[in-house]
Each structure stands twice: as C-alpha cells, then as structure tokens.
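A.B. asks: Following is a predicted model, sequence given first.
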Amino acid sequence: MASTTPSVKKPSLSAKKPSLGKLGSRKAKTVNVQATELVKSSFLAESQTLPIVIEPTKEGVDLVSWAASSRGFIEKNLLKYGGVLFRGFEISSPESFQDLIDALGHNALEYTERSSPRSRVDGNIYTSTDYPPQYPIFLHNENSYAHVWPQKIFFYCHVAPEVGGETPIADVRRVYQAIPQEIRTRFEEKGILYVRNFSDVAGLPWQSVFQTDDKDEVAAYATKAGYEIEWQDGNRLRTKRQGAASYLHPKTGEPVWFNHGTFFHVSTLVPEIRQGLLAQFAEEDLPNHTFYGDGTPIEPEALEILRSIYHQETIKFPWRRGDVLMLDNMLVAHAREPFEGDRSILAGMAEPLEKTRLEQP
C-alpha cells in the first residue's frame, strides 16, 4: 500500500511551552480521578474503562506542556486502565506527536525485529503499518515474539480514515483471565515456538527485519536474542525461538497474556491469504507460524477459543484527526480494521523491556 503520510520537516525535539491560560472548569461526566483542572477525564461508553479519555476543558491547553508536568498522573491512569486517549488537543503534525512522546520522558525507539511493513516518517516515527488496506490485522502486543519489546506504544491520527480503519484494542489482563485453565496451563508449561522464514518471495526479507545486510551481524544478534538460525538456498533465513505465553506485568504484578502465538499462526490469517500461502509453502516454510514450545502443533480448537476471547474483549472506536492513543504494550493488544480512502496513523514506541527482567505466572 502506498503510504498516505505527507513529507514532513525534521521534528523539533524541544517541547513548546506556551502559556496555559486560566484554569478551566470541570464538566459533567468526568471520572473521579486527581486530574488538573486543565483537563477532564471520561470514557467512550458506559461500563467501558478502556481507554480513559483525556480532553482539555478549554481551548488553548497545550498537551505537550501539560503532559510534561503531569507524567505521574498519566502513568497512574495508564497502569490502571491500560490505555489513554488524548483527544481535542492541537496535535496536528508528526513533529508535535514526537514532541509529546519526548515530553512524557521517552525516546522513541527504532523498529527492530520487524513483522509488519512500515515506512519511517522521520526519526523513529513510523507509519503504523503499510499492510494492504482491504485486510484486517489481528490483535497483538508489539514485538511480544522478540526478546526485547517496547513497554509503551503511541498512535497518532494524522488523517482520519474515511471508512473503517479503526485500531481495535483489548486488555490482555482480561484475556488471560478468560482463557480456560486447561488451555492456559498447557501454554504456560510448554511455551510457544516461533518459526519465521525470511525471503523475497513472501513476508519481509531478513535485511528489513534485522536492519542489516551483514549475515555475521544477524548471527551475533541471534545468539544474544536466543534464536536458532539456519541459512538456506537463495539467501533465505529461517529462525526459531521459544517464548513464554504469559508474564507478570513488571509494575503492577498482574498476569498478562503476552505472546504472538495466535497472531502468527497461519489459521488466524484471512482465508484468501491462508489458502494462498499453504498452497505455496509447507508449514515449516511459512513466513510466520507457531507451535507449542516442544514443536508439537497447537490444537485448532484451542486457537479458535483464543481468537474468540480476543474478539469478545475487543474495543474499537472511530479515529478523529489529532487523536493520540497511548498504550501500555504489556497490558493492551492492538489491531487494525480494513479501511477505504485515505488513512494516516503514525506510531512511536518507547521504553525497551527485556524478557529476562520478567517473571512468569
């Protein structure tokens, strides 16, 4: 898909600090949290607490300046609800999106060990995905298949889609609790084996995934990250890596369902793509596929149950231009709906976290 992102100037990394004006008054239908009077907090629907929505109480409130002085308040709400939607502020460019990430005390990360086609806009701000617009992208936690992933991920709506194009989200604490004990135990005892094949035929080439043309660099990275690698004919690469199915969140201690086991399994793909790939490749040669950690197949009925639980926990809302959605990547999974017309959702990732620092339930 051709990127709809316009060319932009190199963003200024210094946060703007205009006067915030007089304190505004609180509106009705606000959440009873300790917020400054410059903003109000609410939810998108009754009995729905993801995401919490933060909006200005009057015109002229500068989100970048407010966020810089309200990090504790934002972090508290992020950990409680999993996602924060900043709406109604004057975030109107990739530069101001970058400024907001900086103001929150984060340096945007480079997108490494890639699984989705993305275009760099500037610095470490990317298009959210360049995957064809007619296909959905299933719920997943960013880079949960890797040995390092971002603790936080941000999405900014630069151009709101005309039809569809939502970014569905789901609380993986709730997903974890909803999984039948027998299935959850089996995954937690066996783990998950990720098998990925990189070539120019399907999926991403290894040069794009690992951001290098040097095979020795890939081998060194693989050793550090716990991968088995196998170079094959035609400059193809196969990697295998075992990962956990769940972790305890490093700050809240809550168990979370955090893996790409369902997302990477071929059965999760839309029928058109799944059938095309299986007609061309054996299962072990697919661009992405998953097994139990001991290499045995994951039962189709278990995958169906997992997909249905993800779906029942899914929340989605239409984008508005200027929206910024901040997610705790270990608390909330995200996806993408098909869309028509223009759509430009940019992404930034922050706060790298290594799996070796985490405990499992």
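C.D. replies: Alright, I've got the coordinates. Numbering: from 1, shown residues only.
A.B. asks: what about the lengthiest helix in the chain, average pLDDT?
C.D. replies: Secondary structure of the chain read by DSSP state H shows that its longest helix is helix 300-312. The average pLDDT within helix 300-312 is 98.
A.B. asks: Residues touching it, excluding its own?
C.D. replies: In this structure, residues lying in contact with helix 300-312 by Cβ atoms under 8 Å, 6 or more residues apart in numbering are 138-139, 170, 175, 178-180, 183, 186, 261-262, 265, 267-268, 333. Where C-beta positions appear, they are placed from N, C-alpha and C, glycine not excepted.
A.B. asks: try 7 Å this time
C.D. replies: Identification of contacts with helix 300-312 by Cβ atoms under 7 Å, 6 or more residues apart in numbering yields Leu139, Ala170, Val175, Ala178, Ile179, Pro180, Ile183, Thr262, His265, Ser267, Thr268.
A.B. asks: tell me which residues of that helix are tucked away?
C.D. replies: Using 16 or more other Cβ atoms under 10 Å as the test for burial, helix 300-312 gives Ala302, Leu303, Ile305, Leu306, Arg307, Ile309, Tyr310.
A.B. asks: Also stretch 152-171?
C.D. replies: Applying 16+ other Cβ under 10 Å to stretch 152-171 flags 152-161, 164-171 as buried.
A.B. asks: what does stretch 245-262 give?
C.D. replies: Within stretch 245-262, the residues that qualify as buried are 245-249, 254-262, counting by 16+ other Cβ under 10 Å.
A.B. asks: and of these, the nearest to Trp206?
C.D. replies: Nearest to Trp206 out of the buried residues of stretch 245-262 is His260 (Cβ to Cβ; 17.7 Å).
A.B. asks: Provide the secondary structure category for the closest one.
C.D. replies: In three-state terms, and counting by DSSP: H, G, I helix; E, B strand; the rest coil, His260 is coil.
A.B. asks: quick one: contacts for it?
C.D. replies: If you count contacts by Cβ under 7 Å, 6+ apart, then His260 has His140, Ser144, Tyr145, Tyr194, Thr290 around it.
A.B. asks: Just the buried ones out of those, please.
C.D. replies: By neighbour count, with 16+ other Cβ under 10 Å, these hold His140, Ser144, Tyr145, Tyr194, Thr290 as buried.
A.B. asks: Among those, show me the least confident.
C.D. replies: pLDDT across these is lowest for Tyr145, at 92.
A.B. asks: And the pLDDT for the residue nearest to it when sequence neighbours are not counted?
C.D. replies: Closest residue to Tyr145 apart from its sequence neighbours, by Cβ to Cβ, 6 or more residues apart in numbering: His260 at 4.1 Å. His260 is assigned 97 on the pLDDT scale.
A.B. asks: now swap in Ser93 and tell me
C.D. replies: On the pLDDT scale, Ser93 is placed at 93.
A.B. asks: looking at this, Ser96 is in a helix?
C.D. replies: Yes: according to three-state DSSP, Ser96 belongs to a helix.
A.B. asks: Need phi/psi at the closest residue to it other than its chain neighbours.
C.D. replies: Ranked by Cβ to Cβ, 6+ apart and with sequence neighbours excluded, the top spatial neighbour of Ser96 is Val64, at 6.8 Å. Main-chain torsions, Val64, degrees, to the nearest 10: phi -60, psi -50.
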